[in-house]
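Colleague: Sequence and predicted structure are below.
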Amino acid sequence: MESNWTNGTTNVSASDRFMFFLYRLAVPILFSVVTLSGLVGNGLVIYVIVSRERMQTVTNLLLLNLAVADLAFVLVVPPFTAYQMAAEWWPFGDVACRLLHYLVNVTAYVKPRSHRTN
């Protein structure tokens with residue numbers, strides 16, 4: 001049996017409170033942490049590899065590719081996913097919605113290709 005409590009004039013169930021906490025507070029906070037740590041970590045990797053000539057080996061250039069792909073992912077997916085979960089409507093329009101779905105798929109499946117010379 002679900003417990004209800006009165007909030008002014010409306011009854012709010014325990015599951016409604018849990019869903020509010022989960023989607024409106026917990027997910028955006030966790031996704032913000034993921035985005036910020038991804039920005040800092042990948043930004044540092046990119047900075048170190050680009051700024052130091054001795055770090056520009058073939059292996060590190062592959063890591064640079066991965067860091068750029070991951071940076072694109074953390075810039076696109078977590079912020080907009082958190083917004084979609086927290087908000088009740090999408091204010092950015094149909095074009096932005098379609099573009100976002102395209103970018104989510106592109107950034108999720110992008111992989112650097114290794115070119116082998118024989």
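Modeller: Looks like it came in fine.

Colleague: any idea how far Val48 is from Gln56?
Modeller: From Gln56 across to Val48, the span is 10 Å (C-beta to C-beta, to the nearest Å). (Glycine included, C-beta is placed from N, CA and C.)

Colleague: same question for stretch 86-99, mean pLDDT?
Modeller: Taken as a whole, stretch 86-99 has a mean pLDDT of 88.

Colleague: Show me the helices in this structure, by range?
Modeller: Applying DSSP state H to the chain gives helices spanning 14-20, 27-51, 58-86, 93-109.

Colleague: highest average neighbour count across those helices?
Modeller: For the helices of the chain, average neighbour numbers computed from mean count of other C-beta atoms under 10 Å are highest in helix 58-86, which has a mean of 16.

Colleague: Just want the most central residue of the protein.
Modeller: Pro78 (2.0 Å; C-alpha atoms, centre = their mean).

Colleague: which residues touch it?
Modeller: Applying C-beta atoms under 8 Å, 6 or more residues apart in numbering, one finds that Pro78 lies in contact with 31-32, 34-35, 38.
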